[in-house]
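Chemist: dropping a prediction and its sequence here:
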Amino acid sequence: MAVFGLLAMAEEPILIGFQGPLTGPWAVEGDWALKSVQIVVDLINQRGGVLGRPLKLVVEDDSGTPRGGVMAAQRLVTAGVKFVVGTYGSSICMPSSDIYEEAGVLVISYGCTAVNLTARGLKYYFRTSGRDDSQARFFAEYVVPLFGAKRIAIMHDNTTYAKGVAEETLKYLKPAIDAGDVEIVYYDAIVPGERDYTPALTALRDADPDIWYYTGYYPEWALLLRQGKDMGLDWKVVRAVGSNACPISETVRIAGVDAVVGAMITQEPLPAFIKDKYPKAKEFVEAYEAKYGEIHDSPWATYAADAVYTIAFAIEKVGKVDPKAVADLLHSGQVIGEGITGELAFTPEGDRIGVPYSLLICNEKGETELFNPEIHGKLVGLEE
Amino acid sequence: MVTFVQQFLNGLTIGSFYAFIALGYSLVYAIMKLINFAHGDLFALGSYVAYSFLVWASAALTAALGLWGALAVAMVVAGVSVAIAGLLMERVAYRPIYPAGRLPAVVSALGVSIFIENFIMLVWGPRYQAYRSEFVPVGYFQIGELRISILQVVILISAVILLGFLYWLIEKTTFGAAVRATAQDRATAALMGIDFRKVIRFVFTVGPALGAIAGVMVGLYYRQISFSMGWIYGLKAFVATILGGIGNIPGAMVGGILLGLLEAMFAGYVSAAWKDVIVFAVLMLILIFRPTGLLGEKVAEKV
Amino acid sequence: MRGIIAGLRNDPRARRIAVGIALALVVAYPFFASAYWVDVAFYLGLYTLLGLSLNVILGEVGLFNLGHAAFWAFGAYTTAILNTRFDIPILALIPISALATAGFAWLVTSPIIHLRGDYLCIVTIALGEIVRLALNNDPGGITGGPNGIFGIDRPRIGGLVINTPTEFYFLVWIIVVLCAWALLRLQNSRIGRAWNYIREDELAAECMGVDVRAFKLLAFTLGAALAGVAGNLYAAKMMVVSPESFTFMESCLVFMIVLLGGMGSVPGTLLGALVVSLFPELFRPLASYRMLIFGIALVAVMYFKPAGMWPRRRATFRSVIGREAGKA
């Protein structure tokens, strides 16, 4: 009897909370993230868990809204969870992290890139993903010169995230604007959740841009591409570039291949493209495909998986299940371990160190590929 | 000038959707003085039913009847299924509760609305669905800089035909007179030998069926459908009903078209972000100064 | 159940004992419930407060208001803006939010107060949507757009910071009990009787010299003020306010609370709030099916109890005569 009791205690699971949009407009991201997290939890448990204890997921849906986020966070806190992987969407991360901070719960977000999230002096908030300023910089300093674009259109949707990327882009374009090399011909916001964007697209067309950067989320981008195509816009002339919140597979599913061919996105690394680079990435992709079929094309879900690795490695290093000790370790800047997306290390503010960006394009078959001017040049009007 | 015509056409198209849904609202309200909040969700249901039907049967039907034929069949299927749903709804949720008063009936309607919305979410999933490219007609007419899609033309023509037919039915036929009489004074109409049950059946099949057809068209036009799209369209359609005058059936059609035009014009010329605010504000102003709506309510109030 | 309610109606001593027991339960609850369920009870209190505020407008006067979330939002945002920009403490903002919301209500309902029935309904829906959309569009940069305003403080009393579920629970329920008491007294006053008269027969009331317009405005203003208080508490609890908390669906939920409980009935409103907020919680294990069942439950309650679960009954001559006869 006593032995049984001892065994049971050693087996007591470590609770890992998961917060994500399982319903609502970004349900697909939440679903992918949850699946990815589940895979990593399984992989870790197969190897004996953390400090000999298995990991156990406690899942809460925040429906992709600030209020949902607060309620999900509160539920996780009252459930006694000490470590949380969550969430997606900067405007949801913002209030949720306040709740976690107050309760002393460590939270690592996977899909929140607004710069100001780590400027609040929070001790328990970290992120495995990159930041808007890095993405904006990539667009301004790599993508724009790549196409020799002179007339630039920037469109956002007034959310924390999209507006943030748009403003950062302006910031990084400023030197070129001042030098007279480029000009912003369109800078406006659409209302997310609507159906009809023809008025905004008409205005965009009238502005005659070389390149159009939409910094919002994929449901709207899909509609914009569809309606833009129907209106006669051509992505060889007006290069359509979406943000890293626009997975091409989902966009194609909603808008249809013909509307998305030739459209590009600025994106952090996808699991399919890094699986040969990191052993954990290969393992992750194989395990995911074995359980769920084809691997997704979302960096956020991958970052969610890496958040679990971060927590697991950190607890092992610290030797106890204590959020404060783990937070101190993460703040120190040491490399905690190597995850799916490479080395896991954080700045004192909680940002991830070392996030690369790439330009991805939708090819004629609706697949996502790394942009290569030689192969894809004709899709975007880059003749040799 | 081109932009104006383009926006005008967009407005007419959106307005047609509203008109279809508004008609259903107006019919039910005229007969039962009940605001059927579940009506918008029936519209969404129609859209989803057609979507599933097309996914299942589109290939075979297109081969047999061509794309337009397949779409026509889908609309019939959606219309019939939703009409059945409408009849069921009336029998189960309204008829037993209606004698108890109007406010309980409104709560009941809200309950049905929640039920249908979540039913759709359970059956089809919380993710947005999209009408696949295979079943959406492409192609357009280009007149100078103006670009009109064939789909838009078909929607507008169908709207004219269907709404025109309904107008004729209600204003010019004997059965239509029965409907109007019931709307005006149910007791006297019953005394005159009008079968109330028949009128109810008509109202709860035609209204939802029209909503379903609008649902299919919205699915084809915008591609993206979600389980929550019912309530925003329902709300706007209700606004259109009031705009034209509650209980006024031609008024609902006018109200719908007008609302669509207002929306498109405001979105194009003033601000896309504020268009809904302006539309609702205009509505409030109209009601303050002309409370019975544009075409006026036909029911006098007894003291 | 009917026997209990009848008993409570007729015997003041029984009523006092019942109220005493209820209050004792309310005070004791957090000590034997888990943090999660205390949190749920907070939201129950909040929705009861909202229900009471709408009850004044819809229940007492019979004004068909389906845009109540607008007042709730106004109070919440007033608190949020004044707290985050000017560091005004939350508790001090309770009366300020109430007054501001009351003022707002007075301003917007004055031009529409003469509308009847369904027209008033549609105008209140429009109002609710206008407020929500305007908040979403971030006019003048003060409302924060779709993300809303975050970083709202917690309420403080001296050194005590109210941030645990239990503390919030007591805060909201103290306010609810005070409001319920005040509203019950109001029911038996001249104002309450005038309100009910307008609900039963507006034309007759006017003929009898009741200033219908003034009383209607009073109802809207008072209801809005209470909704403003609810907004303040909501803002302090969530630490963020955003437009998607104040949708038409929310207005519908509060509307349902009043109707499920019984129009003009204070205990009924509590029952209504119980159904609306407890239902999703109790049925959480059923996950997606729970809202389906909720929809069915609404229809069912209206079928079996169209006058509400605890309808309001006014004293009638018969009961007075009965008592007199009993004495003799």
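Modeler: Arrived safely. Numbering: from 1, shown residues only, chains lettered A, B, ... in the order given.

Chemist: any stretches of the chain with poor pLDDT?
Modeler: You didn't pick a chain, so chain A it is. Counting by pLDDT under 70, chain A has low-confidence residues at A:1-10, A:383-384.

Chemist: that's the wrong chain, I meant chain C
Modeler: In chain C, residues with pLDDT under 70: C:1-3, C:5-10, C:284-288, C:314-328.

Chemist: how about A:F273, what does it touch?
Modeler: A:358, A:370 (CB atoms under 8 Å, 6 or more residues apart in numbering or on different chains). The way it works is simple: take the backbone N, C-alpha and C, and place the C-beta from them, glycine included.

Chemist: can you tell me how far it is from chain B?
Modeler: 25 Å (CB to the nearest CB, to the nearest Å).

Chemist: next one: A:S129
Modeler: For A:S129 relative to chain B (CB to the nearest CB), the value is 22 Å.

Chemist: check which helix or strand that residue maps to.
Modeler: Here A:S129, judged by DSSP states H and E, is contained in no helix and no strand.

Chemist: list the contacts for it?
Modeler: A:109-113, A:268, A:299-300, A:303, A:352, A:355 are the contacts of A:S129 under CB under 8 Å, 6+ apart.

Chemist: how about it, phi and psi?
Modeler: phi -90, psi 180 (degrees, to the nearest 10).

Chemist: quick one on the thing from earlier: which of the contacts of A:S129 are close to chain B?
Modeler: Filtering those for neighbours of chain B using CB under 8 Å from any CB of the partner chain leaves an empty set.

Chemist: save the residues you listed as JSON lines, and put in neighbour count too.
Modeler: Below are those laid out as JSON lines (neighbours: other CB atoms under 10 Å in any protein chain shown):
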{"residue": "A:S109", "neighbour count": "31"}
{"residue": "A:Y110", "neighbour count": "30"}
{"residue": "A:G111", "neighbour count": "29"}
{"residue": "A:C112", "neighbour count": "27"}
{"residue": "A:T113", "neighbour count": "28"}
{"residue": "A:E268", "neighbour count": "23"}
{"residue": "A:P299", "neighbour count": "26"}
{"residue": "A:W300", "neighbour count": "29"}
{"residue": "A:Y303", "neighbour count": "30"}
{"residue": "A:R352", "neighbour count": "25"}
{"residue": "A:V355", "neighbour count": "20"}
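
Chemist: among those residues, which ones are in strands?
Modeler: A:S109 (DSSP state E).

Chemist: of the contacts of A:S129, which belong to helices?
Modeler: Residues of the contacts of A:S129 located in helices (DSSP state H): A:299-300, A:303.

Chemist: from the residues you listed, pick the one nearest chain B.
Modeler: Taking CB to the nearest CB as the measure, chain B lies nearest A:W300 of the ones in helices among the contacts of A:S129, at 15.9 Å.

Chemist: report the contact partners of the closest one.
Modeler: A:29, A:32-33, A:88, A:110-111, A:129.

Chemist: pick out whichever of the residues you listed sits closest to B:A57.
Modeler: A:W32 (30.6 Å; CB to CB).

Chemist: just the element for the closest one, please.
Modeler: helix A:27-46.

Chemist: one more: A:E101?
Modeler: Counting by DSSP H and E, A:E101 is part of helix A:90-103.

Chemist: run the chain-centre distance for that helix.
Modeler: Taking CA atoms, centre = their mean, to the nearest Å, one finds the center of helix A:90-103 at 17 Å from the center of the full chain.

Chemist: over to stretch B:35-54?
Modeler: The answer for stretch B:35-54 is 10 Å, by CA atoms, centre = their mean.

Chemist: need the three-state assignment for C:L82.
Modeler: Three-state call for C:L82 (DSSP: H, G, I helix; E, B strand; the rest coil): helix.

Chemist: the nearest residue to it once chain neighbours are set aside: neighbouring residues, count only.
Modeler: Spatial nearest neighbour of C:L82, excluding adjacent residues (CB to CB, 6 or more residues apart in numbering or on different chains): C:I88 at 4.8 Å. Neighbourhood size, C:I88 [other CB atoms under 10 Å in any protein chain shown]: 15.

Chemist: can you tell me the SS state at C:I88?
Modeler: coil.

Chemist: ramachandran angles for it?
Modeler: Dihedral angles (degrees, to the nearest 10) for C:I88: phi -80, psi 130.

Chemist: wait, it touches C:A80, no?
Modeler: No. Assessed by CB atoms under 8 Å, C:I88 is found out of contact with C:A80, at 10.9 Å.

Chemist: how about the residues of chain A near chain C?
Modeler: A:65-67, A:70, A:74-75, A:78-79, A:90-91, A:94-95, A:98-99, A:102, A:157-160, A:163, A:191-192.

Chemist: hmm, B:I286 and C:Y119 touching each other?
Modeler: No. Counting by CB under 8 Å, C:Y119 stays clear of B:I286, with 10.5 Å between them.

Chemist: tell me how far A:I315 lies from A:I16.
Modeler: For A:I315, the distance to A:I16 (CB to CB, to the nearest Å) stands at 10 Å.

Chemist: got it, and B:Y140?
Modeler: Relative to A:I16, and taking CB to CB, B:Y140 is found at 52 Å.

Chemist: cool, A:K56 as well?
Modeler: Distance from A:K56 to A:I16, by CB to CB: 7 Å.

Chemist: neighbour-wise, which of the two wins?
Modeler: Taking other CB under 10 Å, A:K56 and A:I16 do not tie; A:I16 has more neighbours (24 against 15).

Chemist: so which bits of chain B are right by chain A?
Modeler: So chain B meets chain A at B:3, B:6-7, B:10, B:14, B:121, B:126-128, B:130, B:132-133, B:136, B:138, B:140, B:147, B:149, B:218, B:222-224, B:226, B:229, B:264, B:267-268, B:272-273 (CB under 8 Å from any CB).

Chemist: tell me which of these fall in strands.
Modeler: B:130, B:140, B:147, B:149, B:224.

Chemist: show me where the stretch 151-300 of chain C has its helices.
Modeler: C:165-187, C:190-200, C:202-207, C:212-238, C:248-261, C:266-282, C:289-304 (DSSP state H, counting those that start in this stretch).

Chemist: and the ones you listed as a markdown table, adding distance to chain B and mean neighbour count?
Modeler: Shown next, in a markdown table, are the helices of the stretch 151-300 of chain C (distance: least, CB to the nearest CB, whole Å; neighbours: other CB atoms under 10 Å in any protein chain shown):
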| stretch | distance to chain B | mean neighbour count |
| --- | --- | --- |
| helix C:165-187 | 19 | 18 |
| helix C:190-200 | 11 | 18 |
| helix C:202-207 | 6 | 13 |
| helix C:212-238 | 14 | 25 |
| helix C:248-261 | 5 | 25 |
| helix C:266-282 | 10 | 21 |
| helix C:289-304 | 3 | 19 |
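
Chemist: ok, which of those helices comes nearest C:A76?
Modeler: When the helices of the stretch 151-300 of chain C are ranked by proximity to C:A76 (CB to CB), helix C:212-238 comes first, at 3.4 Å.

Chemist: is it true that B:V277 touches C:L133?
Modeler: Yes. B:V277 is within contact range of C:L133, at 4.7 Å (criterion: CB under 8 Å).

Chemist: separation between B:L261 and B:G15?
Modeler: Taken as CB to CB, the spacing of B:L261 relative to B:G15 amounts to 6 Å.

Chemist: and for C:A80?
Modeler: Counting by CB to CB - C:A80 and B:G15 are separated by 38 Å.

Chemist: which one's more surrounded, the two?
Modeler: C:A80 (32 against 26).

Chemist: ok, now which ones touch that one?
Modeler: C:148-149, C:152, C:235, C:241.

Chemist: excluding chain neighbours, what is closest to the closest residue to chain B within the stretch 201-350 of chain A?
Modeler: At 3.8 Å from chain B, A:G256 is the closest residue in the stretch 201-350 of chain A, using CB to the nearest CB. Distances taken as CB to CB, 6+ apart put B:S133 closest to A:G256, at 3.8 Å, once the chain neighbours are dropped.

Chemist: my guess is the one you found contacts A:V261. True?
Modeler: No. Applying CB under 8 Å, one finds B:S133 not in contact with A:V261, separated by 11.8 Å.
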